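S.K.: A structural model of the following input is requested.
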Amino acid sequence: MKRIATFRDYLGELTVTYKRTEKFIKKIGSSQDAAEFMRPYFEQCMDHQEEFKVLHLNNSNQVVNIHHVSSGSDVGTVVDVKAVVRNILHINTKSAILIHNHPSGGTKFSQSDIDLTRKIKEACLLFDIVVLDSLIITRETYRSMADEGVI
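M.R.: Residues are numbered from 1 along each chain as shown. Next up is the predicted model:
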């Protein structure tokens with residue numbers, strides 16, 4: 001019986017490598033630094049769509065990576081805690097700042113915002129990763145859970 005060749009017969013070992021194309025040199029020293037640094041990354045969605053991103057920092061609090069986690073509607077977005085933690089582990093950073101926008105322009109923390117932040121923070125602690133802050137940003141201002149003692 002004659003065997004038919006498949007794609008696997010011609011494919012050797014395949015390796016995928018991630019290479020950062022953008023070098024960040026910004027050091028984050030405060031919630032204001034984080035909000036100002038991240039605001040341009042929300043420019044396209046700021047007024048009409050909620051997005052959730054994670055800012056990855058090295059031991060010197062310099063930006064290593066920005067992870068776009070999810071996009072939603074004008075009133076919310078869905079965030080997978082496992083995916084957030086998995087990405088932080090993959091990037092191999094020891095601290096992170098959680099950031100999302102409120103298209104309404106309001107900066108009040110919802111109970112969902114607080115619960116999600118605490119859940120991610122607790123999950124990260126299992127791997128010795130520190131969630132430094134969780135921010136809500138709008139076009140004009142921001143609000144920090146760390147500054148207000150919420151987390």
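S.K.: okay, now Ala35: neighbour count?
M.R.: Neighbours of Ala35 under the rule other CB atoms under 10 Å: 22. All C-beta atoms are positioned from the backbone trio N, CA, C, and that covers glycine.
S.K.: which ones are touching it?
M.R.: By CB atoms under 8 Å, 6 or more residues apart in numbering, the contact list for Ala35 reads 99, 135, 137, 142, 144.
S.K.: compute the first-to-last residue distance for stretch 71-88.
M.R.: Counting by CA to CA, to the nearest Å, you get 18 Å between the two ends of stretch 71-88.
S.K.: does the residue most central in space within the chain belong to a helix, a strand or coil?
M.R.: What sits nearest the mean C-alpha location of the chain, by CA atoms, centre = their mean, is Val54, with 1.5 Å. Recorded secondary structure, Val54: strand (DSSP: H, G, I helix; E, B strand; the rest coil).
S.K.: pretty sure it is touching His90, no?
M.R.: No. Contact criterion CB atoms under 8 Å: Val54 and His90 do not qualify, at 11.5 Å.
S.K.: so which of the contacts of Ala35 are in strands?
M.R.: Counting by DSSP state E, those place 99, 135, 137, 142, 144 in strands.
S.K.: so the last one sits against Ile97, correct?
M.R.: No. Between Ser144 and Ile97 no contact is recorded; they are 9.3 Å apart, counting by CB under 8 Å.
S.K.: shared neighbours of these two, anything?
M.R.: Any residue near both Ser144 and Ile97 by CB under 8 Å, 6+ apart counts here, and that gives 133-135.
S.K.: quick check, nearest of the residues you listed to His48?
M.R.: Leu135 (19.3 Å; CB to CB).
S.K.: the residue nearest to that closest one when sequence neighbours are not counted - how many residues pack around it?
M.R.: Distances taken as CB to CB, 6 or more residues apart in numbering place Ile99 nearest to Leu135, at 4.7 Å, with adjacent residues excluded. Around Ile99 there are 27 other residues, counting by other CB under 10 Å.
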